[in-house]
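Student: this one's structure only:
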């Protein structure tokens, strides 16, 4: 066997280590007030389930969870300050808000023990976090009021389509299921993207009202760029980054190609059928080649 490294490995490693440090995913999960025991139990359960998926995906040290009486406005501000000092531009941050929200036609508020925190302050805190790739999942009532936080680098998922859908929501528990269940993984790559999680949870919300034969009081919405490329959860207990540098570099390349395929699917209507199929075929071939190299590096049969 030649001692010379293959060209593809050099390119993959170059892409992986071009930044000063590897990109990490950080989570902040906040479970607010339920108001009534049945809602508190519902919100606490969803918060715990989302936190468990976050820890499985990115590790305990990059998951901040505030719940119950400890989820105060001061604690939320402190958690964002931690994200501000710990993250770097290459990182990703997912913020999940579970509980009740309110909107008076002008100001959105997330209900917490003691003073609530309003939308303007939450948006300011998000803006101070260096991580360029951000996901906000506001699963509260009236959460549609925060959709304008979205931009090219920040995806915002809201449980409601406006600030005027004020009933307690069921989105959080169904979003938690989307992160944990393989059914949300449409392309079966072991990764749940923000797009996949939203699609699964929003369908589940609609189905739940249909089965009950009741009028839907929440209509989940998503805005912002990069949802198909934002990895929000991983299935199973496999670590996000392999200890094998070759596999780690190839995994990053595989995720990049997965993201390109999802982006291409979003642009399908803008392309001719031939152009779309040609680009899709090239990406699928590249993806298969990378997966083959991962399998070979891990000693799996070809």
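Tutor: Sure thing, it's come through. Computed from a prediction, not measured in an experiment: that's the story for all the values here.
Student: tell me how far the closest residue to residue 235 other than its chain neighbours lies from residue 56.
Tutor: Leaving aside its chain neighbours, residue 235 sits nearest to residue 190 (4.9 Å; criterion: C-beta to C-beta, 6 or more residues apart in numbering). Any C-beta I mention is one placed from the backbone N, CA and C, and that applies to glycine too. Distance of residue 190 to residue 56, given as C-beta to C-beta, to the nearest Å: 12 Å.
Student: burial count for the residue nearest to residue 235?
Tutor: Number of residues near residue 190 (other C-beta atoms under 10 Å) recorded here: 12.
Student: if I read this right, it contacts residue 234, doesn't it?
Tutor: Yes. Residue 190 lies in contact with residue 234 (C-beta atoms under 8 Å); the separation is 6.2 Å.
Student: what pLDDT does residue 19 get?
Tutor: Per-residue confidence (pLDDT) for residue 19: 36.
Student: can you check residue 302 too?
Tutor: So, for residue 302, pLDDT stands at 54.
Student: likewise for residue 14?
Tutor: pLDDT at residue 14 comes out at 41.
Student: run a quick neighbour tally on residue 64.
Tutor: 21.
Student: for the one 5 residues further on, same thing?
Tutor: When neighbours are counted by other C-beta under 10 Å, residue 69 registers 11.
Student: what sits against it?
Tutor: Applying C-beta atoms under 8 Å, 6 or more residues apart in numbering, we find residue 69 in contact with residue 113.
Student: if I look at it, how far off is residue 175?
Tutor: Taken as C-beta to C-beta, the span from residue 69 to residue 175 is 24 Å.
Student: and residue 277, by the same measure?
Tutor: 33 Å.
Student: those two: who's more crowded?
Tutor: residue 175 (31 against 12).
Student: state the pLDDT value of the more buried one.
Tutor: Residue-level pLDDT assigned to residue 175 equals 95.
Student: and this protein, what are its domain boundaries?
Tutor: By the assignment in automatic domain parsing, the chain contains the domains 7-18+241-297, 25-234.
Student: now the residue lying closest to residue 261 once chain neighbours are set aside: phi and psi?
Tutor: Distances taken as C-beta to C-beta, 6+ apart place residue 283 nearest to residue 261, at 5.1 Å, with adjacent residues excluded. Dihedral pair for residue 283: phi -70, psi -40, per degrees, to the nearest 10.
Student: tell me the contacts of residue 283?
Tutor: Residue 283 is in contact with 257, 260-261, 264, counting by C-beta under 8 Å, 6+ apart.
Student: residue closest to the middle of this structure?
Tutor: The centre of the chain sits closest to residue 232, judged by C-alpha atoms, centre = their mean, with a distance of 3.3 Å.
Student: now do the contacts for the residue lying closest to that one once chain neighbours are set aside.
Tutor: Leaving aside its sequence neighbours, residue 232 sits nearest to residue 194 (C-beta to C-beta, 6+ apart; 5.0 Å). Applying C-beta under 8 Å, 6+ apart to residue 194 gives the contacts 135, 155, 157, 222, 226-228, 230, 232.
Student: before we move on, what about residue 161?
Tutor: When contacts are counted by C-beta under 8 Å, 6+ apart, residue 161 touches 144, 219-221.
Student: go again using 10 Å as the cut-off
Tutor: Neighbouring residues of residue 161 by C-beta atoms under 10 Å, 6 or more residues apart in numbering: 143-144, 147, 218-221.
Student: most widely separated two among these?
Tutor: 147 and 218 (13.6 Å; C-beta to C-beta).
Student: more neighbours: which of those two?
Tutor: residue 218 (25 against 20).
Student: that one: which element?
Tutor: Counting by DSSP states H and E, no helix or strand carries residue 218.
Student: does it touch residue 171 like I think?
Tutor: Yes. Under the criterion of C-beta atoms under 10 Å, residue 218 makes contact with residue 171 at 6.2 Å.
Student: name the residues contacting each of those two.
Tutor: Going by C-beta under 10 Å, 6+ apart, residues that sit against residue 218 and also against residue 171 are 139, 141, 143, 158-160, 202, 205, 208.
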